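**Q** any chance you can model this:
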Amino acid sequence: MGQGRADRIGATAAALLLLLSVACRGARAGQTSEYQRHLGSAIDMPLDADVFRPPPGDNAPEQVHITQGNHDGTSMIISWVTPTEPGSSTVLYGTSEDSLNYSANGKHTQYTFYNYTSGYIHHCTIKNLEFDTKYYYAVGIGQTMRKFWFMTPPKSGPDVPYTFGLIGDLGQSFDSNVTLAHYESNSKAQAVLFVGDLSYADNYPYHDNVRWDTWARFVERNVAYQPWIWTAGNHEIDFAPELGETKPFKPYSHRYPTPYKASGSTAPYWYSIKRASAYIIVLASYSSYGKYTPQYKWLEAEFPKVNRSETPWLIVLLHAPWYNSYNYHYMEGESMRVMYEPWFVKYKVDLVFAGHVHAYERTHRVSNVAYNVVNGLCTPIPDQSAPVYITIGDGGNQEGLATNMSQPQPSYSAFREASFGHAILDIKNRTHAYYTWHRNQDGTAVAADAMWFTNRYWQPTDESADE
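**A** Modelled structure (predicted):
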């Protein structure tokens, strides 16, 4: 071989190495947890379980739950069910437990689903609340009146601290009960971002809607005191033409209202809220999202409205994950990703939380927005303007854990583990938030996965050095 040819080959090899180093810069080996757990079935609790027991008293209010009632957090939607008679739709409330000096009147509704007729479902919005204030409230009449309380969020501002819990795909199994108890022991959390799949009633014969009632009694112990921000999952669709039920989301939409009109949305399944220093956008994986659809037009107009000087943390909730390395529901979120991911990068979304896959996974900051059919650029690449995608569909439902992972672990996946659990997002200020994931088998203070996130707008540093 001549020296000239050898030099050319050496130069070519060096160039290839340089290209590979550029292409792989920031790419890091992901971690698949080696934690070993018992993989028995996640069995639903029986109908006579203590956590499903109705409150005492004739027609006593039950299934009490709250969610944010307007865009800025100065309203709260109070919902409950009276099982046999309408009763009252009035909420009494005030800042002293002994002096509920204010009242608001709501409305009640009912629905039928196949051979099931619901109780009387009440919704009442209490408005003009003060920020960062503890309110007590009561629902019901006379001897069956029940009292609860909640805290309003602090007024939005760039350095306002706030702590969210994250739960998804909860269901009502024995493992679900452990997840909720484990979350409740984490005393810092102030509201739950729930990424869809509530009761799993549709897994029962005839979509047994009694399981919507039992689920709501089960979670009342938390959601009557902390607002849960709802995302619709596939188990909320309840589309059953074989039963004569052709209206999607019928039980869910009757039971779980959202403040969608406050953000200009035309449907309750996609909407936004502000809460402290966070701007939360909720998307609907199972409603039309293609170009020109209502959800598309709404999101296109929504992103430019976000003021990162007021709410620096931009968080998106949806159900079907866009980046998933489990062999369950693989690429089910792909068409939505193709539609919306360029906006997520353009507007520097910080975090995206999803459910659907019954396991835990966190990605690096990656994007896959260069592909145009003919250029072949279809591999996710490191991108510091992109979100971290977190799958938190590990609440404990009866379908059990997703344990079959793709091998080798894709470069976009930073950490994954097939365990039930919940997560905590502790926003400190405009630049930093501390995130922890807690598997059910561990003590309260133990974090099986933890990360300091830096804000993409105010301090878009590469966090991977801390992993």
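**Q** quick one: contacts for the closest residue to Asp462 other than its chain neighbours?
**A** Leaving aside its chain neighbours, Asp462 sits nearest to Gln384 (5.9 Å; criterion: CB to CB, 6 or more residues apart in numbering). Backbone N, C-alpha and C define where each C-beta goes, glycine included. Contact partners of Gln384, counting by CB atoms under 8 Å, 6 or more residues apart in numbering, are Arg365, Arg456, Pro460, Thr461, Asp462.
**Q** between those, which sits nearest Ile281?
**A** Proximity of the contacts of Gln384 to Ile281 (CB to CB) peaks at Arg456, which lies at 14.3 Å.
**Q** just list the residues touching the closest one, thanks.
**A** Leu314, Lys348, Val349, Asp350, Gln384, Ser385, Pro387.
**Q** now restrict those to buried residues only.
**A** Using 16 or more other CB atoms under 10 Å as the burial test, those include Leu314, Lys348, Val349, Asp350, Gln384, Ser385, Pro387 as buried.
**Q** the last one and Asp350 touch, don't they?
**A** Yes. Between Pro387 and Asp350 there is a contact under CB atoms under 8 Å: 6.0 Å.
**Q** got a markdown table for the contacts of Arg456, with distance to Pro321 and secondary structure too?
**A** Putting those into a markdown table (distance: CB to CB, whole Å; DSSP: H, G, I helix; E, B strand; the rest coil) gives the following:
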| residue | distance to Pro321 | secondary structure |
| --- | --- | --- |
| Leu314 | 18 | strand |
| Lys348 | 20 | coil |
| Val349 | 14 | coil |
| Asp350 | 16 | coil |
| Gln384 | 21 | coil |
| Ser385 | 20 | coil |
| Pro387 | 12 | coil |
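**Q** of the buried ones among the contacts of Arg456, which pair is most distant in space?
**A** Leu314 and Gln384 (14.7 Å).
**Q** still on that earlier bit, I'd like to know which of the contacts of Gln384 are buried.
**A** For the contacts of Gln384, buried by 16+ other CB under 10 Å: Arg365, Arg456.
**Q** any idea which residue sits dead centre in this protein?
**A** For the chain, Val195 is the residue whose C-alpha lies nearest the centre (CA atoms, centre = their mean; 2.5 Å).
**Q** how about it, what does it touch?
**A** Val195 neighbours (CB under 8 Å, 6+ apart): 166-169, 231, 233, 317-319, 353-355, 392-393.
**Q** and Ser413, by the same measure?
**A** With the criterion set at CB under 8 Å, 6+ apart, Ser413 makes contact with Gly30, Tyr323, Ser325, Glu361, Arg362, Thr363, His364.
**Q** against Ala42, how distant is the fourth one?
**A** So that's Glu361. 19 Å (CB to CB, to the nearest Å).
**Q** which one's more surrounded, those two?
**A** Glu361 (31 against 19; other CB atoms under 10 Å).
**Q** so that one touches Tyr328, yeah?
**A** No. Between Glu361 and Tyr328 there is no contact under CB under 8 Å: 11.1 Å.
**Q** find the nearest non-adjacent residue to His235, please.
**A** Nearest one to His235, counting by CB to CB, 6+ apart, is Asp197 at 4.4 Å.
**Q** and that neighbour, how close does it get to Val316?
**A** Distance from Asp197 to Val316, by CB to CB: 17 Å.
**Q** same question, Gln68
**A** Counting by CB to CB - Gln68 and Val316 are separated by 16 Å.
**Q** do Arg221 as well
**A** Arg221 is 28 Å from Val316, by CB to CB.
**Q** likewise Val139?
**A** 33 Å.
**Q** which one of those two has more residues nearby?
**A** It is Val139, of Val139 and Val316, that has more neighbours when counted by other CB under 10 Å, with 28 against 24.
**Q** pLDDT wise, what is the nearest residue to that one once chain neighbours are set aside at?
**A** Leaving out its chain neighbours, the residue that sits closest to Val139 by CB to CB, 6+ apart is Pro61, at 4.6 Å. Per-residue confidence (pLDDT) for Pro61: 98.
**Q** next up, phi/psi of Pro61, please.
**A** In this entry, Pro61 is assigned phi and psi values of phi -60, psi 140 (degrees, to the nearest 10).
**Q** one more: Val139?
**A** phi -130, psi 150.
**Q** that one reaches Glu62, doesn't it?
**A** No. Counting by CB under 8 Å, Val139 stays clear of Glu62, with 9.7 Å between them.
**Q** give me the element Gly290 is part of.
**A** Using DSSP states H and E, Gly290 is not contained in any helix or strand.
**Q** ok, it - contacts?
**A** Tyr296, Met339.
**Q** separation between it and Trp313?
**A** Distance, Gly290 to Trp313, using CB to CB: 28 Å.
**Q** could you pull out the helices for the stretch 101-250 of the chain?
**A** 174-184, 210-223, 250-255 (DSSP state H, counting those that start in this stretch).
**Q** Ala418 is nearest to which of those helices?
**A** helix 174-184 (12.6 Å).
**Q** now the angle from the closest one to helix 210-223?
**A** 20 degrees (axes from the mean of the first three to the mean of the last three CA atoms, to 10 degrees).
**Q** joint contacts of Val139 and Glu62?
**A** Trp80.
**Q** before we move on, the earlier item: from what I see, the residue nearest to His235 and Gly233 are in contact.
**A** Yes. Look at Asp197 against Gly233 with CB under 8 Å: they come within range, at 3.7 Å.
**Q** mind listing the shared neighbours of these two?
**A** Taking CB under 8 Å, 6+ apart as the contact rule, Asp197 and Gly233 both touch Gly168, Asp169, His319, Gly355, His356.
**Q** by mean pLDDT, flag the weakest helix or strand of this structure.
**A** Least confident helix or strand, the chain: helix 3-23 with a mean of 38, by mean pLDDT, DSSP states H and E.
**Q** so which elements touch the helix or strand that comes right after that one?
**A** Reading on from helix 3-23 to the C-terminus, the next helix or strand found by DSSP H and E is strand 31-32. Packing partners of strand 31-32 (3 or more CB pairs under 8 Å, 6 or more residues apart in numbering; DSSP states H and E): strand 413-417.
**Q** the helix or strand that the strand it packs on is followed by packs against which elements?
**A** Next in sequence after strand 413-417, counting helices and strands by DSSP H and E, comes strand 421-427. Secondary-structure packing of strand 421-427 (3+ CB pairs under 8 Å, 6+ apart): strand 162-167, helix 174-184, strand 388-392, strand 432-439.
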